[in-house]
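> the following block contains a protein sequence and its predicted model.
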Amino acid sequence: MTDAATPITERNAVATGELLSTVERLLGERADELARQGRSLRSLGDLGELAARMVAVLPSVHPYDTAIGPFYDTGGLSQWLGVSRQALADRVRRGTLLACRTGTFSTRCSSSGAPARYAPGSSTSSAS
């Protein structure tokens with residue numbers, strides 16, 4: 001356990017270790033479930049892509065976090081939801097995803113409080 005006087009880099013290192021231990025345990029449980037079905041983790045797809053999707057659910061850091069909730073970048077949110085940037089734009093148009101302008105970034109947040117931020121004109125994903 002760490003206290004407020006512990007440097008943030010040390011607290012982050014400890015938290016990273018705790019998070020990795022938990023992820024390893026949960027991933028092991030999922031692997032066991034798959035094995036009972038005669039499948040493996042590799043049957044779920046590219047392991048690098050799976051890891052990227054897992055990390056994509058972690059919010060980025062933004063000054064508005066405390067006021068309205070965590071922010072996610074558009075690439076991360078599109079990976080997490082498995083949809084293209086165009087699909088996110090469509091959700092904004094339909095009102096199921098909130099878009100907020102902040103400086104040079106456009107910020108999107110879902111009605112559940114999960115925003116995404118991207119630089120205008122950035123490339124789009126081919127995922128659909």
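On my side now, so go ahead.

> select the longest helix from this protein.
For the chain, the helix with the greatest residue count under DSSP state H is helix 8-36.

> need the contact list for the residue nearest the centre of the chain.
Residue closest to the average C-alpha location in the chain (CA atoms, centre = their mean): V57, at 1.8 Å. Counting by CB atoms under 8 Å, 6 or more residues apart in numbering, V57 touches 72, 76, 80. From N, CA and C alone the C-beta is placed, and that goes for glycine too.

> what ranges does this structure have for its helices?
Here the chain has its helices, by DSSP H, at 8-36, 47-56, 65-68, 74-81, 85-94.

> make TSV from those helices and add mean neighbour count to it.
Compiled in TSV, the helices of the chain are given as follows (neighbours: other CB atoms under 10 Å):
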stretch	mean neighbour count
helix 8-36	11
helix 47-56	12
helix 65-68	10
helix 74-81	21
helix 85-94	16
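
> could you dump the ones you listed to CSV with mean pLDDT?
Converted to CSV, the helices of the chain look like this (pLDDT from 0 to 100):
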stretch, mean pLDDT
helix 8-36, 92
helix 47-56, 86
helix 65-68, 74
helix 74-81, 77
helix 85-94, 89
